[in-house]
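Asker: let me see the structure of the following:
(chains A and B)
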There are 2 protein chains.
Amino acid sequence: MNDSTLAPVFAHIEANRAAFIARLMEYVRHPSISAQNIGIGEVAALLEGHLQALGMAVERIETAGHPMVFGQLGNDPARPTILLYGHYDVQPPEPLEEWLSPPFEPTIRDGRIYARGVADNKGQHFAQILAIESLLAVKGGVPCNVKILLEGEEEVGSPHIAEVVRRNADLLRADLVVTADGPMHASGQGTIVYGVRGVASFELRARTAKRDAHSGNFGGVMPNALWQLVHLLATMKAPDGRITIDGLADAVVPPTAMERAAVARLPLDLPGVMADMEMAALDAPTDRGYFERLMFHPTLTINGLHGGYGGAGSKTVLPAEAVAKCDIRLVEAMEPEAVFAAVEAHVARHAPGVQVVRQGAMRPSKTPMETPVAEVLRRAVEDARGAPVLEFPSMGGSLPDYVFTKILGVPAFVVPYGNADEANHAPNENLTIACFMGGIRTGAAILTALGDWRG
Amino acid sequence: MNDSTLAPVFAHIEANRAAFIARLMEYVRHPSISAQNIGIGEVAALLEGHLQALGMAVERIETAGHPMVFGQLGNDPARPTILLYGHYDVQPPEPLEEWLSPPFEPTIRDGRIYARGVADNKGQHFAQILAIESLLAVKGGVPCNVKILLEGEEEVGSPHIAEVVRRNADLLRADLVVTADGPMHASGQGTIVYGVRGVASFELRARTAKRDAHSGNFGGVMPNALWQLVHLLATMKAPDGRITIDGLADAVVPPTAMERAAVARLPLDLPGVMADMEMAALDAPTDRGYFERLMFHPTLTINGLHGGYGGAGSKTVLPAEAVAKCDIRLVEAMEPEAVFAAVEAHVARHAPGVQVVRQGAMRPSKTPMETPVAEVLRRAVEDARGAPVLEFPSMGGSLPDYVFTKILGVPAFVVPYGNADEANHAPNENLTIACFMGGIRTGAAILTALGDWRG
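Answerer: Predicted coordinates:
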């Protein structure tokens, strides 16, 4: 593969700009809100139509929740196989009043398409579909086997993907998995992400008496559920930011030299990030680099803490009940089961009356940067973008990549096509037209480069 | 005074049992909810009528908020003067659905009158009024000068009583102040309380960024407002229950030998209290006696702590904002101003980004148990109840007694007439008929005993 082979494909993509934009706008006009069970069946059927139009063998994979849509093009054992993963479900659009245009009436303003799901994830996997379509149109074929798996429950935590992957391991087998999701770096440079943090969510529930009491009549006598949680939480993370739950980080695999080197190459406008968020300081511990914090260390976040009076003014109440919701982000090779066990042992030791309620969890995942097929992606992304690729050993957030790396045993990469300010999960979600078009080109470049690969 | 002098008064009270109950029920039928500004003027006017019917000189004392009603009977400089303090405003009745009978339709069940305000405080000061009426009816007069001050803002923190007392010091001057409010001991023995704890309420407000963030994308980078409050609060009180704010307790006056002896005489059914509240343990520190905790030590109570997600399930949010509402109960001779200053200095030292917002405050108060006129109350309460009096050096809660002891310079006592399970501030507030009748007798006994007193 070289520029000369891609040039006519890119020309075709550019020639179809208006049509591709119109077709994306038509696609995102259909709500598919997994959390509210709105439009799921309709959009799954729509997608099946799109894949069939490419000549793909299409199959609906039913789950106990929303179905997944699977398509396959080519099955030549002499050729490499790529599995493209994405999700057709979207976040609920609320709060509606904050949208400048209605979430399911896609609108173009200043070179951006605004709609719920346009960036997360419809616009990104639709770019993959259009890349395949463009290769078929210009080249008459795709030079590798392509599988595509689009799930309908990513926005509610992908509760069935592990089971689906386990059950369909042969069907899904590939040489690599590529997920186009999330934002690229703010510079607009192409991005490859090799890993994700996992997560383990849980509640701490304290109850110290049958009912709330008066802080005068019982203050000093009745234990306060909020104080109980405050003192327990203070034993779980020190003021210096270090997590102090015994054994929690035992499984952590330190970053490799290649990962450290990649992080050192990443551009960072720290004053810009801090100004944008109006942060006076970075979180403790202070002796870690910005990316190191997000990629190489677990975190213990209190997502919410509620107990007692929360209205206006004061109320002299002594709360009998309080709940803290927490999540721990896991780095390779922490396991949710061991993490929950460490938390439970810690709480049993420090506050035996407090109940730990396990909630959702997801394993971390990391594909070694040394993986040979990564070279295909680096080259393809640079070809499509015309600029050096930025390589992230991990992202701070979580995606169910472990189902590919740990269940399927296949290297998995995230190659995002979205703009940095895509406003995922928020009002006025948007995808720039430039990013959308770049995504189609990148998708075509990846499939083309993979066709040349003889791993 | 002896039994023979009180007997006809008690007989009169008993003979009028049905009428007195009916008149109390009529009185509490009228809402007077200070927090919601409902019925205040009407009930103040009603009260003025009651006092005028006793032949009292009545005066309405206007404030910037709700008015106070003042009445005076007798002005003989040779006689001792008592000031009876109470309040005619009541708590809001919500939640209405938990009342077995409507809060302003007084209903008798099992020897109790159920109505909002029947115990707190209408039934108690109405018993005082009926005591005066009964003495007038049987004896043709009251053997001491009586002043009565009924405020309309006690349930919203008595914001104007200090100013009213300061402005009307001559009008209010007395040899002692008696407040009939709150519950008697569960045994039903007569009770005298010599002091109250003060209180200083404040908010701690943390903000670490412009907006909440995603715990994956920012976990480890952005400071968490909840962690900031947790770590700050943990510096303010140790897990062993001791307050660790420098200088906070500097002004505390330790209890006298007489106070310690009084506490040692108080009956206590600790297993009963703990079972009733379903408390597995008393609060830390563990080396303090039950009453000692409530009377002789300040407390730091978190009244409410709120930040981040509080709905069902989990949400991977990193909160930028959190608020803790706290109160400190003050014991003699702590001063709110010094307490606020100590809190502010502590927060500035440990978490300079956290904002301290001062809210309401009330000074503590204590009348020495050695005060000569206390003997009058002990004798009268024992005469009326036919059982030894229980003496509490302090209550755990707060009342604005400091306006009498510290502004007016007059010894102040709380002599409660309510039943221990009166359910103040709660649905199904009630006053037993036995307590109501005992209150009228006690009121008459106090005025009679004071007539004999030559302090």
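
Asker: drop to CA atoms for contacts and neighbour counts, all remaining ones
Answerer: OK.

Asker: what parts of the stretch 251-400 of chain A come near chain B?
Answerer: Residues of the stretch 251-400 of chain A lying close to chain B (C-alpha under 8 Å from any C-alpha of the partner chain) are A:277-284, A:290, A:293-294, A:297, A:299-310, A:313-319, A:325, A:327, A:329, A:359-360, A:395-398.

Asker: tell me how far stretch A:422-432 lies from the chain's centre.
Answerer: 14 Å (C-alpha atoms, centre = their mean, to the nearest Å).

Asker: for the nearest residue in space to A:Lys122 that is not next to it in sequence, what are phi and psi?
Answerer: Leaving out its chain neighbours, the residue that sits closest to A:Lys122 by C-alpha to C-alpha, 6 or more residues apart in numbering or on different chains is A:Tyr88, at 5.8 Å. A:Tyr88 has phi and psi values of phi -100, psi -10 when expressed as degrees, to the nearest 10.

Asker: same question for A:Arg197.
Answerer: phi -80, psi 150.

Asker: which residues touch stretch A:135-148?
Answerer: A:8-9, A:12, A:69-76, A:79-86, A:132, A:172, A:444, A:447-448, A:450-452 (C-alpha atoms under 8 Å, 6 or more residues apart in numbering or on different chains).

Asker: among those, which lie within helices?
Answerer: A:8-9, A:12, A:132, A:172, A:444, A:447-448, A:450-452 (DSSP state H).

Asker: could you dump those residues to JSON lines with neighbour count and distance to A:Arg379?
Answerer: Supplementary listing: the ones in helices among the contacts of stretch A:135-148 in JSON lines, determined by neighbours: other C-alpha atoms under 10 Å in any protein chain shown; distance: C-alpha to C-alpha, whole Å:
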{"residue": "A:Pro8", "neighbour count": "15", "distance to A:Arg379": "18"}
{"residue": "A:Val9", "neighbour count": "21", "distance to A:Arg379": "17"}
{"residue": "A:His12", "neighbour count": "16", "distance to A:Arg379": "21"}
{"residue": "A:Ile132", "neighbour count": "22", "distance to A:Arg379": "18"}
{"residue": "A:Leu172", "neighbour count": "25", "distance to A:Arg379": "25"}
{"residue": "A:Ala444", "neighbour count": "29", "distance to A:Arg379": "12"}
{"residue": "A:Leu447", "neighbour count": "26", "distance to A:Arg379": "11"}
{"residue": "A:Thr448", "neighbour count": "22", "distance to A:Arg379": "11"}
{"residue": "A:Leu450", "neighbour count": "28", "distance to A:Arg379": "10"}
{"residue": "A:Gly451", "neighbour count": "19", "distance to A:Arg379": "13"}
{"residue": "A:Asp452", "neighbour count": "15", "distance to A:Arg379": "11"}
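
Asker: from those, pick the one nearest A:Leu431.
Answerer: A:Ala444 (19.0 Å; C-alpha to C-alpha).

Asker: identify the residue spatially nearest to the residue nearest in space to the middle of chain A, adjacent ones excluded.
Answerer: For chain A, the residue nearest the mean C-alpha position is A:Leu399 (4.2 Å; C-alpha atoms, centre = their mean). Once flanking residues are discounted, A:Leu399 sits nearest to A:Val196: 6.3 Å by C-alpha to C-alpha, 6+ apart.

Asker: show me the contacts for that neighbour.
Answerer: A:Val196 makes contacts with A:295, A:331, A:364-366, A:394-399, A:401, as judged by C-alpha under 8 Å, 6+ apart.

Asker: give me that answer again for 10 Å
Answerer: A:Val196 makes contact with A:294-295, A:329-332, A:363-367, A:392-402, A:413-414, B:216 under the criterion C-alpha atoms under 10 Å, 6 or more residues apart in numbering or on different chains.

Asker: relative to A:Ala374, how far out is it?
Answerer: Distance from A:Val196 to A:Ala374, counting by C-alpha to C-alpha, to the nearest Å: 16 Å.

Asker: pLDDT below threshold where in chain A?
Answerer: Counting by pLDDT under 70, the ranges of chain A that qualify are A:1-4, A:455.

Asker: tell me where it has helices.
Answerer: Using DSSP H, helices in chain A cover A:3-15, A:17-28, A:40-53, A:123-139, A:161-167, A:169-172, A:225-236, A:257-265, A:270-277, A:290-295, A:336-350, A:374-385, A:402, A:433-452.

Asker: for B:Val177, find the nearest of these.
Answerer: When the helices of chain A are compared by C-alpha to C-alpha, helix A:225-236 sits nearest B:Val177, at 37.5 Å.

Asker: hmm, back to that, quick check on the contacts of A:Val196: which are buried?
Answerer: A:294-295, A:329-332, A:363-367, A:392-402, A:413-414, B:216 (16 or more other C-alpha atoms under 10 Å in any protein chain shown).

Asker: the residue nearest to A:Leu399 and A:Thr367: what is the separation?
Answerer: 9 Å.
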